[in-house]
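[1] The following block contains a protein sequence and its predicted model.
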Amino acid sequence: MHEVDMTKCLILSIEEWAEKKNKKKIVVEKINLKIGEFTCVEPISLINTFNAAVLGSWLDSSEITIEKIPFEGKCSKCNKLYFPKKENGYKSPCCNFNLEEIISGRELKIASIDFKEK
Amino acid sequence: MHLPISDKIELNILHQNSHQAEKNKVKFNNYNLLCLNIMSSPGAGKTRLLEITLEDLSKKFHSAVLEGDMTTNLDAARLEKLNIPVIPITTGRACHLDANMVSGGLKLLEQKINPYSLDILLVENVGNLVCPAEFEIGEHFKVALLSITEGEDKPLKYPIMFREADLILITKVDLLPHLNFDINELKSNIASTNPKADVIEISSITKSGFDLWQDWISKKILKFKNN
């Protein structure tokens, strides 16, 4: 259940950000995340864990949004971009080459925070 | 109340952990101490691997272990018999070590021994193929074990772990004659997930492969110390 520890890190980062904004004078509305498909994170688990963790706290009314970032690789033979599939051993469909370069899908990011000033 | 403002951050969710991991690494570098993060599923043979490895390795290099375990000190007690510094880290509910836990373990190690006297720190992570892969601890290299009783498909089922590893040790290969197991299929799945990883077949029963593994560690220590 690493989403619990990820949520802990996420909240600490939001706290750090909020302190710079003067936390008492803002209301966080949305925390917009970018989560790659080639990570160990299950988006729904992260949302549920976050909602449970912030219950009754200053982030209680905030909402998590998640933009899923597709898992994309680059064929090391012909440089074509492709979407690696587990069923195909992540190999490139064009040249049947092993996955060397990952273009996207490893993201675990707080993209932005939407907030209002009181 | 004012209109909503969107503040672009583009910060890693695990920034707090990564930041501490970076601090750990600075300490390791300052001590000239190579750190390996040893990971696998439960029962793949991490502790036995360390027992055998350290019998020889500790004759050539000053070694220490941080021993991650969810609930017990059983593995740490086994390794303490080798007369090397071992710091147990009991994670409680957490299914992986994080950078803060390793920082705490390192502080205890510093009280036990002069860290400048050490060459290598082996961190045995909690048995799990998912969580430890995403949590940096400040290590220089990641070593993943995969025992042949787990099946050929594991690199495809747990790709992050095997993608992140610098070295993959295929353990329990002494069991090959007794199992319906295709080691070439496993190697092909490892290559699919991580074509750049070093791969060594190893057995804690016959000791096959330990020469290659010890050689891999020795080269990494010497290269690290010469840089």
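    Cool, got the structure. Numbers count the residues shown, from 1 in each chain, chains lettered A, B, ... in the order given.
[2] Flag the shaky bits of chain A, pLDDT-wise.
    A:1 (pLDDT under 70).
[3] pull the longest helix from it.
    helix A:2-21 (DSSP state H).
[4] List of residues touching it?
    A:23, A:26, A:28, A:31, A:33, A:40-42, A:45-46, A:48-50, A:53-54, A:59, A:108, A:110, A:113, A:115, B:7, B:9, B:11, B:13-17, B:93-96, B:98, B:130-131, B:134-135 (CB atoms under 8 Å, 6 or more residues apart in numbering or on different chains). (Glycine included, C-beta is placed from N, CA and C.)
[5] Now, of those, which are buried?
    Among the contacts of helix A:2-21, those buried by neighbour count (16 or more other CB atoms under 10 Å in any protein chain shown) are A:26, A:28, A:31, A:33, A:40-41, A:46, A:49-50, A:54, A:59, A:108, A:110, A:113, A:115, B:9, B:11, B:13-17, B:94-96, B:98, B:130-131, B:134-135.
[6] In helices, which of those appear?
    Short answer: the buried ones among the contacts of helix A:2-21 in helices (DSSP H) are A:46, A:49-50, B:15-17.
[7] My read is that B:G104 contacts B:T90, right?
    No - in this structure B:G104 lies outside contact range of B:T90 using CB atoms under 8 Å: 10.9 Å.
[8] center of chain B - which residue?
    B:I38 (1.5 Å; CA atoms, centre = their mean).
[9] Indicate each strand paired with the host helix or strand of that residue and its parallel or antiparallel sense.
    Using DSSP states H and E, B:I38 sits in strand B:34-39. Sheet pairing here is set by DSSP bridges, and for strand B:34-39 it gives strand B:120-124 (parallel), strand B:141-147 (parallel).
[10] For burial, what's the neighbour tally of the nearest residue to A:E67 once chain neighbours are set aside?
    The shortest distance from A:E67 to any non-neighbouring residue, by CB to CB, 6 or more residues apart in numbering or on different chains, is to A:K34 (5.0 Å). For A:K34, the neighbour count with other CB atoms under 10 Å in any protein chain shown is 18.
[11] bridging residues for the residue nearest the centre of chain A?
    Centroid-nearest residue in chain A, with CA atoms, centre = their mean: A:I35, separated by 2.7 Å. Counting by DSSP bridges, A:I35 forms beta bridges with A:K68, A:L108.
[12] Isn't it up against A:P70?
    No - applying CB under 8 Å, one finds A:I35 not in contact with A:P70, separated by 11.0 Å.
[13] Need the three-state assignment for the residue lying farthest from the centre of chain A.
    In terms of distance from the mean C-alpha position of chain A, A:C95 ranks first, at 30.7 Å (CA atoms, centre = their mean). Following DSSP: H, G, I helix; E, B strand; the rest coil, we place A:C95 in the coil state.
[14] Could you pull up the residues touching the nearest residue to it once chain neighbours are set aside?
    Leaving aside its chain neighbours, A:C95 sits nearest to A:K77 (4.1 Å; criterion: CB to CB, 6+ apart). Neighbouring residues of A:K77 by CB under 8 Å, 6+ apart: A:92, A:94-95, A:97.
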